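>>> take this sequence and fold it.
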Amino acid sequence: MAPPGVVGPRESIAAALGVDATGQLYWVGNANLHHDGSRFVADSPGNALPTTELSTPFDSNAPSIALTSTLRPVVAWLERLVAGDALYIRQYDGEQWSEYGAGSASGSGLGLAVSSFALAVDSNDRPIVAWTANPAMGQRSVYIKRWSGTAWVEIGSGSATGAGVSNSTEDAYAPAVAVANDGTVTLAWIDEAWDAWGNVYVKQWNGSTWNELGLHSGSGDGIHPLSDGPAGGLSITLDQAMRPIVVWDSWADRELHGARFDGSTWLALGTDPSDLSRLTFSGTDSLGPIVAYAAEGALYLAYSEQRTSGGTVYVLGQRTDGVWQPVYPKGADWLAVSPSGVATAAHSMALDDTGRPWVATAEAEGDGYAIRVRRWNRDAWVEVGVGSATAGGVSNEVGLANSPSLTVRGHKACVAWSSEAGYSRDISVRCTTW
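Prediction:
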């Protein structure tokens with residue numbers, strides 16, 4: 001595949017030269033080559049950078065990773081302190097992992113008593129972080145900040161103090177954030193102000209205020225009157241017109257549900273006449289939805305079905321008639337991404353620039369778990385380099401590797417996970433070009 005901004009070979013051209021967004025010179029042909037400063041060198045999908053551990057004295061968990069426009073990784077995670085979990089974030093500058101301002105990955109970080117968070121990077125490469133915190137051991141609230149280039153600042157007055165951006169009278173939690181090309185921030189979360197089951201709320205920042213999208217998207221019963229008791233798994237993406245699409249898992253029927261904003265109203269994503277928001281019919285716990293929109297209009301959904309033998313990861317694609325169907329090789333009996341009989345503890349999904357899904361999983365291996373990565377090549381789920389989805393996988397370590405987070409941008413893919421190392425758990429990161 002040619003990196004973005006690099007013109008690939010046409011029917012009558014054997015090869016072509018180009019430069020990607022980072023200034024990297026590429027020769028694109030039957031075998032892609034990149035210039036190392038003195039010569040062209042073959043790209044090797046399995047030639048990943050060595051694992052880098054962001055070592056700390058305490059346990060580090062639940063990483064989330066993103067890539068900037070210059071293909072530098074940004075990682076946020078939860079640090080287990082005596083006072084509670086703190087939200088930490090660092091960036092890789094090409095030589096080392098550095099903080100975004102003093103204290104972004106030390107002390108209390110961006111916030112204490114954090115139970116969940118979401119990370120995004122805007123078009124100016126400024127990270128945005130939304131999180132759930134319970135600072136007074138009372139009501140949970142959703143908070144949000146962005147990096148201004150010199151400091152962490154609120155997105156709107158009070159967005160990271162008091163009752164936060166959620167400003168709810170009851171518990172608010174499980175934030176999901178998406179950023180449009182023009183910098184517009186859209187935030188979704190679960191709010192119990194209307195009823196104890198919780199409802200999905202969505203608001204958008206217009207540069208001066210947080211506004212609802214359509215009728216009571218951030219109040220009352222939220223974006224869908226049958227929100228079916230969202231269980232805490234919530235994901236958001238933007239379509240080609242930068243309109244939000246939201247998917248959540250449900251306490252009520254243990255299935256996935258979703259809705260999209262058409263510019264004036266919220267429309268259900270499913271086709272079941274009894275509840276048009278319903279997307280899965282597994283009859284078991286369908287959890288951990290991750291929804292992603294490809295530039296050509298395809299919509300993908302990754303999730304895990306939890307059974308007695310452990311989790312199994314699936315990816316669904318939405319057909320033009322609205323029906324969701326598994327993405328799997330033609331003629332295959334097994335419809336999942338993770339192998340039959342292999343328990344999966346966690347998963348992550350990202351789309352590459354051609355709109356193809358990639359999936360990272362934490363799969364049972366020996367007495368622990370291994371992080372494995374696969375991508376869809378439009379015919380099958382394949383490894384990204386030899387060994388990325390077998391044996392020790394990408395993590396290739398003895399112990400318990402878990403909580404993978406995957407990002408793909410341009411010709412680069414990176415995965416972060418929580419790694420059992422010595423006396424504490426640390427965050428590990430590996431990247432590869434492809």
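>>> residues in contact with residue 112?
Contacts for residue 112 were tallied using C-beta atoms under 8 Å, 6 or more residues apart in numbering; they are 81, 83-86, 133, 135. For the C-beta atoms, the positions are set from N, CA and C on the backbone; glycine is no exception.
>>> scratch that, residue 372 is what I was asking about
360-361, 363, 388-390, 393-394.
>>> let's go with 6 Å and repeat that
Residue 372 makes contact with 361, 363, 389, 393 under the criterion C-beta atoms under 6 Å, 6 or more residues apart in numbering.
>>> restricted to buried residues, select those in ChimeraX.
Burial among those is assessed by 16 or more other C-beta atoms under 10 Å; the matching ChimeraX selection reads:
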select :361,363,389,393
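>>> using TSV, lay out the contacts of residue 372 together with distance to residue 189, secondary structure and pLDDT.
Supplementary listing: the contacts of residue 372 in TSV, determined by distance: C-beta to C-beta, whole Å; DSSP: H, G, I helix; E, B strand; the rest coil; pLDDT from 0 to 100:
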residue	distance to residue 189	secondary structure	pLDDT
361	26	strand	97
363	30	strand	95
389	33	coil	96
393	33	coil	94
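>>> now residue 110. Nearest residue, chain neighbours left out?
Distance criterion C-beta to C-beta, 6 or more residues apart in numbering; nearest residue to residue 110, sequence neighbours excluded, is residue 87 at 4.4 Å.
>>> where's that neighbour, which helix or strand?
Under DSSP states H and E, the secondary-structure element containing residue 87 is strand 84-92.
>>> ditto for residue 288
Element membership of residue 288 [criterion: DSSP H and E] is strand 285-293.
>>> same for the next helix or strand after that strand, what does it pack against?
Sequence-wise, the next helix or strand downstream of strand 285-293 (DSSP H and E) is strand 299-307. Here strand 299-307 is seen to pack against strand 285-293, strand 310-318 when contacts are counted using 3 or more C-beta pairs under 6 Å, 6 or more residues apart in numbering; DSSP states H and E.
>>> average pLDDT across the first one?
Rounded to a whole number, the mean pLDDT of strand 285-293 is 95.
>>> direction included, what does that strand pair against?
Strand pairing for strand 285-293, using DSSP bridges, gives strand 299-307 (antiparallel).
>>> list the buried ones in the partner strand?
For strand 299-307, burial by neighbour count (16+ other C-beta under 10 Å) applies to 299-306.
>>> hmm, back to that, nearest to residue 339 among the contacts of residue 372?
Comparing those against residue 339 with C-beta to C-beta picks out residue 363 as the nearest, at 7.5 Å.
>>> for the closest one, what are its contacts?
With C-beta under 6 Å, 6+ apart as the criterion, the residues that contact residue 363 are 342, 344, 370, 372.
>>> my read: the third one touches residue 390, true?
No - checked against C-beta atoms under 6 Å, the pair residue 370 and residue 390 is beyond contact range at 8.9 Å.
>>> quick one, which of the two is more surrounded?
Set residue 370 next to residue 390 and count neighbours by other C-beta atoms under 10 Å: residue 370 wins out with 26 against 13.
>>> Three-state assignment for the more buried one, please.
For residue 370, the assignment made with DSSP: H, G, I helix; E, B strand; the rest coil gives strand.
>>> report the buried residues of stretch 352-371.
352-353, 355-365, 368-371.
>>> sorry, wrong one. I was asking about stretch 177-186.
177-180, 185-186.
>>> again with stretch 55-63
Those buried within stretch 55-63 under the rule 16+ other C-beta under 10 Å are 56, 59-63.
>>> how about stretch 118-131: buried residues?
With burial defined by 16+ other C-beta under 10 Å, the residues of stretch 118-131 counted as buried are 118-122, 125-131.
>>> which non-adjacent residue is nearest residue 322?
Leaving out its chain neighbours, the residue that sits closest to residue 322 by C-beta to C-beta, 6+ apart is residue 271, at 5.1 Å.
>>> partners of the helix or strand containing residue 177, with directions?
Mapping residue 177 onto the secondary structure by DSSP H and E places it in strand 172-179. Note on strand 172-179: by DSSP bridges, its sheet partners are strand 185-191 (antiparallel).
>>> next secondary structure after the partner strand?
Under the assignment DSSP H and E, the closest C-terminal helix or strand after strand 185-191 is strand 199-205.
>>> show me which positions of that following strand end up buried.
199-205.
>>> span of stretch 164-176 from start to end?
Counting by C-alpha to C-alpha, to the nearest Å, the length from the leading to the trailing residue of stretch 164-176 is 15 Å.
>>> repeat for stretch 180-187
For stretch 180-187, the first and last residues are 11 Å from each other (C-alpha to C-alpha).
>>> so what touches that stretch?
122-123, 130, 177-179, 203-205, 238, 242, 244.
>>> and the furthest pair within the residues you listed?
Maximum pairwise distance among the contacts of stretch 180-187 (C-beta to C-beta): 20.1 Å, between 123 and 203.
>>> for the contacts of residue 112, which one is nearest residue 402?
The shortest distance between residue 402 and any of the contacts of residue 112, using C-beta to C-beta, involves residue 85 and amounts to 15.7 Å.
>>> quick one: the closest one from residue 111, how far?
Between residue 85 and residue 111 the computed distance is 9 Å (C-beta to C-beta, to the nearest Å).
>>> so which strand or helix has the residue lying closest to residue 241 once chain neighbours are set aside?
Of all residues beyond its chain neighbours, the one nearest residue 241 is residue 263 (7.4 Å), with distances taken as C-beta to C-beta, 6+ apart. Secondary structure assigned from DSSP H and E places residue 263 in neither a helix nor a strand.
>>> neighbours around residue 263, how many?
8.
>>> for residue 412, see how far away it is.
Taking C-beta to C-beta, one finds residue 263 at 34 Å from residue 412.
>>> repeat that for residue 389.
19 Å.
>>> quick check: beta-bridge partners of the closest residue in space to residue 397 that isn't next to it in sequence?
Distance criterion C-beta to C-beta, 6+ apart; nearest residue to residue 397, sequence neighbours excluded, is residue 419 at 6.4 Å. Each beta-bridge partner of residue 419 is listed here: residue 426, as defined by DSSP bridges.
>>> quick one: which of the contacts of residue 363 is nearest to residue 250?
Nearest to residue 250, judged by C-beta to C-beta, of those is residue 344 at 20.4 Å.
>>> quickly list what that closest one is bridged to.
residue 311, residue 363.
>>> look up the pLDDT of it for me, please.
The per-residue pLDDT reported for residue 344 equals 94.
>>> with the one 5 residues further on instead?
Per-residue confidence at residue 349 stands at 98 (pLDDT).
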